[in-house]
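Trainee: Coordinates for the following, if possible.
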Amino acid sequence: MHPSARLHLLPVAVAAAEAGAQGQDWLTDAERQRLQAITSPSRRDTFLAGHWQARVLAAQWLQLDVGRIALDAHADGRPLLRVDGDAAPLQVSLSHSGNWLALALADAPVGVDVELPRRVRDWNALARFVFSPEECERVEAADPAMRADVFHALWTLKEAHGKRSGAGLQPRAARALTARPASPAAAEAFGWRFGNGALALALTPGTRLERTEGVAGSPACWHFTESVGSSQGQD
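Mentor: Residues are numbered from 1 along each chain as shown. Predicted structure coming up:
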């Protein structure tokens, strides 16, 4: 049986209100310490929203009481779900931008990224920092009115890939990787245009996207290949 994945997108305010209704007894000691270090009210809401929803969605998938689920971290920083203290048979990835929270769960490594830009940037210059030569050409060749869309579609794919591997977005490694369109059957990543930004999901090859909630429209399908003649530059 192929592994499967689920993607959820929801407003932070809704998820934060649900988390707030539970009090804070559900937090682990480590999570409570992290929360105490966060001074921004909006960041506190986002932290609570994401950590509570990860528990709720994992409990629904595993058909367990949510009180048995906890959120820890892998050695590489990726979030780690636990059931009764032991590692759960599920992987989780979280991302937030603006007022939105994205969560992906799968029974294989998974990465998700959502980006809602707040200002106009030099998209060509940013692309040269982390994109392969082929991807840079796509951004530069785009109509100026669409350049930000092309950039964010590729940027979120890079971020999601880094989260899937646990390595994060490392510029040198990112420049050596190219996201190319794929057929649905061969896709290992999916991308959606979202507001003035983008949403991307990177799956372990062979994983089936079983369900999406809160995500509108059909996704673009992608796969990752090694770049030819990638620019090394400086990290």
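Trainee: The nearest residue to Arg138 once chain neighbours are set aside and Ser218, how far apart?
Mentor: Nearest non-adjacent residue to Arg138, counting by CB to CB, 6 or more residues apart in numbering: Val150, 5.8 Å away. In short, each C-beta sits where N, CA and C put it, glycine included. Distance from Val150 to Ser218, counting by CB to CB, to the nearest Å: 18 Å.
Trainee: number of nearby residues for the residue nearest to Arg138?
Mentor: For Val150, the neighbour count with other CB atoms under 10 Å is 19.
Trainee: Equivalent analysis for Ala125, please.
Mentor: 8.
Trainee: With Ser132 instead?
Mentor: 25.
Trainee: That one and Ser227 touch, don't they?
Mentor: Yes. Counting by CB atoms under 8 Å, Ser132 touches Ser227, with 3.7 Å between them.
Trainee: and for the two, which residues touch both?
Mentor: Arg175, Ala176, Leu177, Thr178 (CB atoms under 8 Å, 6 or more residues apart in numbering).
Trainee: With respect to Met1, which of those is nearest?
Mentor: Leu177 (28.6 Å; CB to CB).
Trainee: OK, contacts around that closest one?
Mentor: Contacts of Leu177 (CB under 8 Å, 6+ apart): Ser132, Lys158, His161, Phe224, Thr225, Glu226, Ser227.
Trainee: How confident is the prediction for the fourth one, by pLDDT?
Mentor: Per-residue confidence (pLDDT) for Phe224: 96.
Trainee: what about stretch 11-28, distance to the chain center?
Mentor: 20 Å (CA atoms, centre = their mean, to the nearest Å).
Trainee: Can you show me the CA trace of it as PDB?
Mentor: Output of stretch 11-28 as PDB, limited to C-alpha atoms (Å, rounded to 0.1, in the frame of the first residue of the first chain):
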ATOM      1  CA  PRO A  11      -7.400  30.800   9.300                       C
ATOM      2  CA  VAL A  12      -5.100  31.200  12.300                       C
ATOM      3  CA  ALA A  13      -7.800  33.000  14.200                       C
ATOM      4  CA  VAL A  14     -10.200  30.000  14.000                       C
ATOM      5  CA  ALA A  15      -7.500  27.500  15.000                       C
ATOM      6  CA  ALA A  16      -6.200  29.800  17.800                       C
ATOM      7  CA  ALA A  17      -9.700  30.200  19.200                       C
ATOM      8  CA  GLU A  18     -10.100  26.400  19.300                       C
ATOM      9  CA  ALA A  19      -6.800  26.000  21.000                       C
ATOM     10  CA  GLY A  20      -7.600  28.800  23.500                       C
ATOM     11  CA  ALA A  21     -10.700  27.000  24.500                       C
ATOM     12  CA  GLN A  22      -8.600  24.100  25.700                       C
ATOM     13  CA  GLY A  23      -6.600  26.100  28.200                       C
ATOM     14  CA  GLN A  24      -2.900  25.200  28.200                       C
ATOM     15  CA  ASP A  25      -2.700  21.900  30.100                       C
ATOM     16  CA  TRP A  26      -2.200  20.000  26.900                       C
ATOM     17  CA  LEU A  27       1.200  21.700  26.200                       C
ATOM     18  CA  THR A  28       4.300  19.700  27.000                       C
END
